[in-house]
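> all I have is the shape, not the residue letters:
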Ligand SMILES: Nc1ncnc2c1ncn2[C@@H]1O[C@H](COP(=O)(O)OP(=O)(O)OP(=O)(O)O)[C@@H](O)[C@H]1O
């Protein structure tokens, strides 16, 4: 070891009391001392020159002055605010104690961060090491800007005791829970590696620094991973403090460390090795003087630092939707994929992509965990980057609420997101299926397009054939797959196909749910489906999307945070992301929506919207408004189909036998449907061209029948109102031959005419049912149609005269009729229909078509309020 000049003493001459030998030994010792002294003077000379350069002032000759000067320099380097003058990317000088020379002491600073690390030979079970680590953590935090350093601790030997006095830093969110078990340490290293990758990719030298403090050495595998950080260079933004290194592990050499200052403790002192790149001397032996380590930071200092960081981090942490947006709108190309900022990982923007590597996203989180807010953040952030020519959105929500309402025009707010093609709010499962079918058709169209251009990927299309990428979001998708019925199975098939082919065709899926496991329709298929969803987002309570995990894995626990994993949940690819609360930023968000709406190309159409809670009315319905005289044949309009475009639910009253309408079910909605159907037909005839024969046979429909009569009269057509007996007679007349003009028999409560129809005519011996069946077959050819409301299927079957006559009324609107009975009536085995208020099944037997519809009711009527 080298000697400090001040520590070398020249012995007194004592030749009078010692013999020859002793004199010789002394002479040689003296000689050595002089040599060392000379060497030391050279060191000093170099140190002085260095100090001279550093301070720009002449360096004093006397070592006492020099020591004092070193002290002042160190104090200056570590003073509050000094970090501001440090060049970016330079390590922080952190004080560990005082170097002790015969001429005094000076503070000893070691470089940490920016690729510089530290190892101590003892672990934190030696109290001096525990103190040293706490001192280093605290000083490094104190010299860095708030939020610039995050600390994680490893302590398998002392089970985290080392970090207990730093508890206030944990509460301030600067220090994570200490990892003590193998699984926890593994997860911590996974996170650190993800941090390093993100930092390296960011290419910035002021990336948040992750301080990994190992208070005791972990097992060999983990130690090797820790050691790897010391070789990773400054770009990884990780700093390792490793205690208990190299340790004694028989038969196994410890992994070598790079860029690390080694500290060795003996009984009293610490001896400091050469810092990487800046040796104390050129013999590689480190600092020649011992160092007295500083004492434990006072609890008050820890508390006040924590309070300062907490306040600053909170201030900095306030994240807004604006922070996700690009400087300029609509400047990015979606050709190779979509990339967008979704929040922050540490202080860094967190960017996620829809591309070849992560074509689809799976999002999990318990109710209230912020799924909707996260999705809304993502959608605005995407919509601000990509123009509607680059990006099209399909948004589907199955829960009660207002998730995507803000993207569609309303009476109060006409703005909309011009990228939105279709939006479903409180969607029915059938609507979901319709959307998936439409998306599959879109895949087909794209496949054709790619084929025509001889390419296999969207990205390879020529510019003039470019087509927007589609992002289809399905919130609460487990509702779509609920149960294990035909609908759920078809939905899974479609999702699988979309996920598989979507990657090449630029169709990306985002599935969000509170429960991604235990979905019955996915049994045995979840892996195939979710295997395509490389990007996982786990909000609080949504860890299941990350797959089975060892305890201690990263988890999002606070609202506004999510663990993002771009490798289908594989350990080591987790990133903890904070995202803003789009609901809290409602004004900002509305401003952005208006801005994008304004920028939309001329004539941009608003999205088609399905609002599951909204009843349908003939009044105000575009298809209803389009009805006018002069068509080839009248159509019966009974509601809106539950499909992507909300297309009209209608069928033609042509001359084919059986072109009649039967509305079936006890629900009084039946009378409403009949009213709308009749008024719609009346609009398609010039005044006086058709006659309407109304039979209000049940009290529940009287008022609606009156209303219908008034409407027909207003359209200029004659109206006859009959009771059951009159109806029976009229049916007899019409069965015998056509009326003077087109005739519509409109019967409210046809089942109530059963008695009258059952009676036979004394002259012809024909029953009313015989006449009815004749009329059903021959009437359409003669311009006569029956529009009736039956309150039960059995009565309808009886009136038709058995299942062989099913086709005599080809058009059915089934309301609250059990699916099994309906299936039986129609001769269909697995009819998928769940009766519910405000929905009906439209069946056109001739076209063999069924569709779920929202039936027309008179404005003001709410089917869900009906007494059942
Ligand atoms: N980043 C955030 N910061 C603060 N609060 C948030 C954040 N994200 C969401 N919240 C709040 O959490 C609440 C629930 O959010 P959100 O509606 O998105 O949850 P959800 O998971 O969709 O719930 P649900 O499934 O019940 O609809 C909201 O009140 C919202 O303001």
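Arrived safely. A quick note: this is a predicted structure, and the numbers were derived from the prediction, not measured.
> when you work out contacts or count neighbours from here on, use the C-alpha atoms and nothing else.
Noted.
> taking the stretch 51-200 of the chain, what residue is nearest to the ligand?
Residue nearest to the ligand within the stretch 51-200 of the chain: residue 173 (15.9 Å; C-alpha to the nearest ligand atom).
> which ones are touching that residue?
Neighbour list for residue 173: residue 310 [criterion: C-alpha atoms under 8 Å, 6 or more residues apart in numbering].
> SS state for residue 651?
strand (DSSP: H, G, I helix; E, B strand; the rest coil).
> quick one: the residue of the stretch 51-200 of the chain closest to the ligand and residue 651, what's the gap?
Per C-alpha to C-alpha, to the nearest Å, residue 173 is found 64 Å from residue 651.
> who in the protein is up against the ligand?
Residues of the chain found near the ligand (C-alpha under 6 Å from any ligand atom) are 367-373, 559-560, 579-581, 583.
> count the residues that sit near the residue nearest to residue 406 when sequence neighbours are not counted.
Take residue 406 and drop its neighbours on the chain: the residue closest to it by C-alpha to C-alpha, 6 or more residues apart in numbering is residue 416, 7.3 Å away. When neighbours are counted by other C-alpha atoms under 10 Å, residue 416 registers 23.
> assumed residue 416 was part of a strand.
No: read with three-state DSSP, residue 416 is coil and lies in no strand.
> ok, it - contacts?
Taking C-alpha under 8 Å, 6+ apart as the criterion, residue 416 is in contact with 406, 407, 408, 409, 593, 594, 597, 606, 607.
> thought the third one was touching residue 607?
Going back to what we said before, that points to residue 408. Yes: counting by C-alpha atoms under 8 Å, residue 408 does reach residue 607; the two are 6.7 Å apart.
> identify the contacts common to the two.
Common neighbours of residue 408 and residue 607 (C-alpha under 8 Å, 6+ apart) are 416, 423.
> residue 264: what secondary structure?
Applying three-state DSSP: residue 264 is strand.
> so where's the protein uncertain?
Applying pLDDT under 70 to the chain picks out residues 1-63, 66, 77-85, 249-250, 313-317, 347, 401, 550-554, 867-868.
> got the domain boundaries for it?
For the chain, automatic domain parsing gives the domain ranges 5-59, 78-316, 339-611, 635-860.
> can you tell which of those is closest to residue 625?
With distances scored as C-alpha to C-alpha, the stretch of these nearest to residue 625 is domain 635-860 (9.2 Å).
> pull up the distance across that closest one, start to finish.
Length of domain 635-860, first residue to last, C-alpha to C-alpha: 25 Å.
> give me the number of residues near residue 509?
For residue 509, the neighbour count with other C-alpha under 10 Å is 24.
> all strands of the stretch 751-868 of the chain, in order?
With DSSP state E, counting those that start in this stretch as the criterion, the stretch 751-868 of the chain has strands at 784-790, 811-814, 840-844, 849-855.
> one step back: surely the residue of the stretch 51-200 of the chain closest to the ligand is in a strand?
No: counting by three-state DSSP, residue 173 is not part of a strand but coil.
> offset the numbering so it begins at 6, please.
Sure thing, new numbering starts at 6, so read that last one as residue 178.
> could you measure from it over to residue 215?
Relative to residue 215, and taking C-alpha to C-alpha, residue 178 is found at 13 Å.
> wait, residue 686 touches residue 643, no?
No: if you go by C-alpha under 8 Å, residue 686 and residue 643 don't touch, sitting 10.5 Å apart.
> compare these two (neighbour count), which wins?
Applying other C-alpha under 10 Å to residue 686 and residue 643 shows that residue 643 carries more neighbours, namely 32 against 22.
> which secondary structure state is assigned to that one?
Following three-state DSSP, the label given to residue 643 is strand.
> these two touch, right, it and residue 652?
No: Residue 643 is beyond contact range of residue 652, at 11.3 Å (criterion: C-alpha under 8 Å).
> could you dump the strands of the stretch 756-873 of the chain to a markdown table with distance to residue 550 and mean neighbour count?
Shown next, in a markdown table, are the strands of the stretch 756-873 of the chain (distance: least, C-alpha to C-alpha, whole Å; neighbours: other C-alpha atoms under 10 Å):
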| stretch | distance to residue 550 | mean neighbour count |
| --- | --- | --- |
| strand 789-795 | 49 | 26 |
| strand 816-819 | 40 | 26 |
| strand 845-849 | 36 | 25 |
| strand 854-860 | 33 | 22 |
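> out of those strands, nearest to residue 104?
Taking C-alpha to C-alpha, strand 854-860 is the member of these nearest to residue 104, at 84.1 Å.
> so which elements touch the closest one?
Helices and strands touching strand 854-860, as assessed by 3 or more C-alpha pairs under 8 Å, 6 or more residues apart in numbering; DSSP states H and E, comprise strand 640-646, strand 845-849.
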